[in-house]
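Q: Need a 3D model of the sequence below.
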Amino acid sequence: PAAWWSLAIYGFMGIASFVGLVWRHALADVAARAAAPIGATFAGLCLITGSLWGAPTWGTWWEWDGRLTSMLVLFIIYLGYIALWNAIEDEEKAARLAAILCLVGLINLPIVHFSVVWWSTLHQPASVFRPGGSAIDASMLGPLFTMAFAYMALFAALLFANMRSAINRRRVEAARLRVASVA
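A: Predicted coordinates:
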């Protein structure tokens, strides 16, 4: 679920970035920025748990496999997006540049998804959603989908909390500027 949602969250950020860039909707920029640390955490969790699983299974903590490498690239894009937002003081300029970076980074999503099809890698092809039905035993599908739903609920809760915090920060800053201009 961490891998699924790290991809889905980046897709969400791409949509929000597009809306913010094209229609200049400030809430879209807030949503994309608020989602980034959550997606980065899920991507990092995917890489860490994958390494923990890979050590006994493949005999190594890391292999420069297509899926692993493209997932690492996604994690780095997340970190770059967050760093770009934090490096630029002008929020409008930061939002515009971060949106462009996010949209360019969308190129990586199909690479992550199709890497096991395009290249012969250590990872198996799709196990859950594939033609002919799932390759996973039915007894494992329930817990898997339960956790996927839990990740979605966690993402939604954290996203709204982050967005509320960002909006409140902007309100406080606006009030501070009003008071400073009166004085």
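Q: quick one: secondary structure of the residue nearest the centre of the chain?
A: Nearest to the mean C-alpha position of the chain, by C-alpha atoms, centre = their mean, lies Gly39 at 2.9 Å. Following DSSP: H, G, I helix; E, B strand; the rest coil, the label given to Gly39 is helix.
Q: give me the number of residues near Ala161?
A: Ala161 has 12 neighbours, counted by other C-beta atoms under 10 Å. C-beta: built from backbone N, CA, C; applies to glycine.
Q: thinking again about what came up before, please name the residues that touch the residue nearest to the centre of the chain.
A: Contact analysis of Gly39 by C-beta atoms under 8 Å, 6 or more residues apart in numbering lists Trp5, Ser6, Ile9, Tyr10, Met13, Tyr78.
Q: Return the subset of the residues you listed lying in strands.
A: Judged by DSSP state E, these include no members of strands.
Q: Tell me which of these fall in helices.
A: Using DSSP state H, the subset of the contacts of Gly39 located in helices is Trp5, Ser6, Ile9, Tyr10, Met13, Tyr78.
Q: between those residues, which is closest to Arg176?
A: Taking C-beta to C-beta as the measure, Arg176 sits nearest to Met13 out of the ones in helices among the contacts of Gly39, at 28.9 Å.
Q: on that earlier part again, just want to check the distance between the residue nearest to the centre of the chain and Arg171.
A: 25 Å (C-beta to C-beta, to the nearest Å).
Q: Which elements pack onto the helix or strand of the chain with the lowest mean pLDDT?
A: Lowest on mean pLDDT, DSSP states H and E among the helices and strands of the chain sits helix 108-118, with a mean of 91. Judged by 3 or more C-beta pairs under 8 Å, 6 or more residues apart in numbering; DSSP states H and E, the packing partners of helix 108-118 are helix 2-23, helix 66-87.
Q: which parts of it are buried?
A: For helix 108-118, a neighbour-count test (16 or more other C-beta atoms under 10 Å) marks Asn108, Leu109, Ile111, Val112, Ser115, Val116 as buried.
Q: Which of these sits closest to Trp62?
A: Minimum distance to Trp62 across the buried residues of helix 108-118 is 15.5 Å, recorded for Ser115 (C-beta to C-beta).
Q: residue contacts, the closest one?
A: Neighbours of Ser115 in contact, by C-beta under 8 Å, 6+ apart: Gly66, Arg67, Ser70, Thr121, His123.
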